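A.B. asks: mind looking at a prediction? Sequence and model below.
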Amino acid sequence: MIGKLKENSVFIISLILTLLFIIWGVFFTENLTKVTNIIYNGTINNLGWIYIGATFFFVVFSIYLLFSKFGHIRLGKATDRPDFKTPSWLAMLFGAGMGIGIVYWSVAEPVTHFTTPPFGEGYTIDSANTAMSYTFFHWGLHPWAIYTVIGLALAFFQYNKRLPAAISSVFYPLLGDRIHGPLGKTIDILSVFATVFGIATSLGLGALQVTAGMHSIFNVPNTLLVQIIVIVVATIIFLISINTGLEKGIQYLSNGAMIISFAILLLLLIVGPTLTIIKVFFNTTGMYLNDFIQMSLRLKPFGEGEWIASWTLFYWAWWIAWAPFVGMFIARISRGRTIKEFVIGVLIVPTLGTCIWMSIFGGSALDMVVHSDNHALAEYIADNVSLAIFTFFEHLPLSSFLSILGFALVAIYYVTVADTATFVLGMLSEGGTLNPSNKIKMTWGIIQSAVASVLLISGGLEVLQTASIVAALPFAIIMLFMSYSLLKGLKGELDVQRRKSRGKNNA
């Protein structure tokens, strides 16, 4: 009995902490709001430089790994080959890494920056260019570099060092066998705890967008009851998907989402301002690369840094808060790939795809509000983020068809994120097993949906989002140590390979 409790300690303690936090959020919402806001504001205002410095380092470190002597090292045995075809692999990691977020913000963020830019006046040609540049910046190399570092570290220690699929395993070069003791368990419990609330927040926000889409297309009432029904129906769908396994459920959903995404992009290129979209992509790519270092390290030390705090620092903290979940999932699907293939697939290709997506959606939306000089439309989109993409579609040819496709994409990404999250939580809470039991996955699936529903009802969703971001600061520091541990592990692996090579040559 005691052995069983020790074996399930990560799951049990994580579950207890989750329930305690829910009770705090439901019955003492004002107190939780006050506490999290104090910590959040103190963190952003006084320690924002840690987010800026750490995230920039992850980009540099990822690019170094791409061109380093470690590039040929395969994740797994020398004879291992990828479990998934490259298109499916890219679809799954993109769905886990960005998913519903890129649909949610692809119109709203550029238009919002156009109305309220980080510098200069709004509603101008310059603010339109700046809006696209910062949208590329927030959704480009930085978030994918965060996922690259943690995903690669997890994959390397799982497949090359034969350690459990747990965050604690990454620290073996630094902690040794202590990763199996209380210190390692604590790291894993914090990872589960952070993942549960990060995903619950996304499910709540996703329910808001799905309901907004239903209201826009089918005139379904946009009410709290409908939002809860959306969560319940989505829960039933992804619980069914869970039982089909990784090779079917998540892969099929991700592939379906990617097909619909390409269909929408193609339609927008045809019915939208095609020439403007192409110009936006090239112009913004140039601005993004030219100003990359300046944007990466921009902090406004002498005041007026509110925009950076509410956008850039918020994003960096949010991506780091998502890192345990996304990194664990990417590692799970990446066995058999070389480090060079991994970095290209997780850093370069998704960044390029995201920039193309933002150019088509953001460029078309900005073209719409700039050339029509329609300030009211721009303000409406900025004020109604969950409706932004559907409002945008209403002003295009084939609006109804585009809205239906957009709604289908949002719904699929919504289920995919929930599905992948339950899979990862199962891995984390069952000692790092690569194939967690359906019982544990379903338990976490129900808990996630319950947390999202309870917080929507109590009005605590924004509080939870703030709490998740607060938790990102210590994890940013943990990831810096993780980078050092990975580098140490890779050097050791290279030494082993060289000794084997010399042994063969001598023989």
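C.D. replies: In hand now; what should we look at? Just so we're clear, the structure is a prediction, and the values are computed from it rather than from any experiment. Residues are numbered from 1 along each chain as shown.

A.B. asks: which helix or strand lies directly C-terminal to the worst-scoring helix or strand of the chain on mean pLDDT?
C.D. replies: Across the helices and strands of the chain, mean confidence by mean pLDDT, DSSP states H and E is lowest for helix 2-7: a mean of 49. Using DSSP states H and E, the next helix or strand after helix 2-7 towards the C-terminus is helix 9-27.

A.B. asks: the host helix or strand of Ala194 - what's its average pLDDT?
C.D. replies: Using DSSP H and E, the element containing Ala194 is helix 182-218. Within the predicted structure, the mean pLDDT of helix 182-218 is 82.

A.B. asks: over to stretch 121-133?
C.D. replies: Confidence over stretch 121-133, taken as the mean pLDDT, stands at 96.

A.B. asks: same check, this time on stretch 281-301
C.D. replies: Predicted confidence along stretch 281-301 averages 96 (mean pLDDT).

A.B. asks: was I right about Phe57 contacting Ser483?
C.D. replies: Yes. Shown here, Phe57 and Ser483 form a contact pair, counting by C-beta atoms under 8 Å, at 7.4 Å. To be clear about C-beta, it is placed using only N, CA and C from the backbone, and glycine gets the same treatment.

A.B. asks: so for the two, which residue has more residues nearby?
C.D. replies: Applying other C-beta atoms under 10 Å to Phe57 and Ser483 shows that Ser483 carries more neighbours, namely 20 against 17.

A.B. asks: who's in contact with the closest residue to Leu208 other than its chain neighbours?
C.D. replies: Taking C-beta to C-beta, 6 or more residues apart in numbering, and ignoring the residues beside it in sequence, Leu208 has Ser386 as its nearest neighbour in space, at 4.8 Å. When contacts are counted by C-beta atoms under 8 Å, 6 or more residues apart in numbering, Ser386 is found next to Tyr104, Leu205, Leu208, Gln209, Thr211, Ala212.

A.B. asks: Ile447 against Phe193, yeah?
C.D. replies: No. Under the criterion of C-beta under 8 Å, Ile447 makes no contact with Phe193, lying 11.7 Å away.

A.B. asks: which residues do the two both contact?
C.D. replies: With contacts defined as C-beta under 8 Å, 6+ apart, the residues adjacent to both Ile447 and Phe193 are Thr18.

A.B. asks: do a quick rundown of the helices in the stretch 1-150 of the chain.
C.D. replies: Counting by DSSP state H, counting those that start in this stretch, the segments of the stretch 1-150 of the chain that form helices are 2-7, 9-27, 29-67, 86-97, 100-105, 108-115, 125-139, 141-159.

A.B. asks: quick one: the second one to helix 29-67, angle?
C.D. replies: In this case it means helix 9-27. Inter-element angle recorded for helix 9-27 and helix 29-67: 140 degrees (by axes from the mean of the first three to the mean of the last three C-alpha atoms, to 10 degrees).

A.B. asks: residues that sit against both of Phe57 and Ser483, list them.
C.D. replies: The overlap between the contact sets of Phe57 and Ser483 (C-beta under 8 Å, 6+ apart) is empty.

A.B. asks: what about Thr18, neighbour count?
C.D. replies: By the criterion of other C-beta under 10 Å, Thr18 has 20 neighbours.

A.B. asks: cool, and Phe136?
C.D. replies: One way to gauge burial is a neighbour count; for Phe136, by other C-beta under 10 Å, it gives 25.

A.B. asks: just checking, it touches Met358?
C.D. replies: Yes. Using C-beta under 8 Å as the test, Phe136 is close enough to Met358 to be in contact (6.3 Å).

A.B. asks: following the helix holding Ala194, which helix or strand comes up?
C.D. replies: Of the helices and strands lying after helix 182-218 in sequence (DSSP H and E), the nearest is helix 224-242.

A.B. asks: run through who's touching that next one.
C.D. replies: So helix 224-242 is contacted by 203-204, 207-208, 210-211, 214, 220, 249-250, 253, 411, 414-415, 418-419, 422-423, 438, 441-442, 445-446, 449, 452-453, 456-457 (C-beta under 8 Å, 6+ apart).

A.B. asks: which of these are buried?
C.D. replies: Buried positions within the contacts of helix 224-242, assessed by neighbour count (16 or more other C-beta atoms under 10 Å), are 203-204, 207-208, 210-211, 214, 249-250, 253, 411, 414-415, 418-419, 422-423, 438, 441-442, 445, 449, 452-453, 456.

A.B. asks: helices - which of these land there?
C.D. replies: By the criterion of DSSP state H, membership of the buried ones among the contacts of helix 224-242 in helices covers 203-204, 207-208, 210-211, 214, 253, 411, 414-415, 418-419, 422-423, 438, 441-442, 445, 449, 452-453, 456.

A.B. asks: then stretch 216-224 to PDB, C-alphas only?
C.D. replies: Backbone C-alpha positions of stretch 216-224 (Å, rounded to 0.1, in the frame of the first residue of the first chain) are rendered in PDB as follows:
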ATOM      1  CA  SER A 216     -21.900  34.800 -35.100                       C
ATOM      2  CA  ILE A 217     -22.700  31.900 -37.500                       C
ATOM      3  CA  PHE A 218     -25.800  30.200 -36.100                       C
ATOM      4  CA  ASN A 219     -27.100  32.900 -33.800                       C
ATOM      5  CA  VAL A 220     -26.800  30.700 -30.800                       C
ATOM      6  CA  PRO A 221     -27.000  32.800 -27.600                       C
ATOM      7  CA  ASN A 222     -23.600  33.800 -26.300                       C
ATOM      8  CA  THR A 223     -24.300  33.000 -22.600                       C
ATOM      9  CA  LEU A 224     -22.500  31.300 -19.700                       C
END
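
A.B. asks: any buried residues in that stretch, and which?
C.D. replies: Within stretch 216-224, the residues that count as buried by 16+ other C-beta under 10 Å are Ser216, Ile217, Asn222.

A.B. asks: how far off centre is stretch 98-105?
C.D. replies: Counting by C-alpha atoms, centre = their mean, to the nearest Å, stretch 98-105 is centred 9 Å from the centre of its parent chain.

A.B. asks: and that stretch, which residues are buried?
C.D. replies: By 16+ other C-beta under 10 Å, the buried positions in stretch 98-105 come out as Met98, Gly99, Ile100, Gly101, Ile102, Val103, Tyr104, Trp105.
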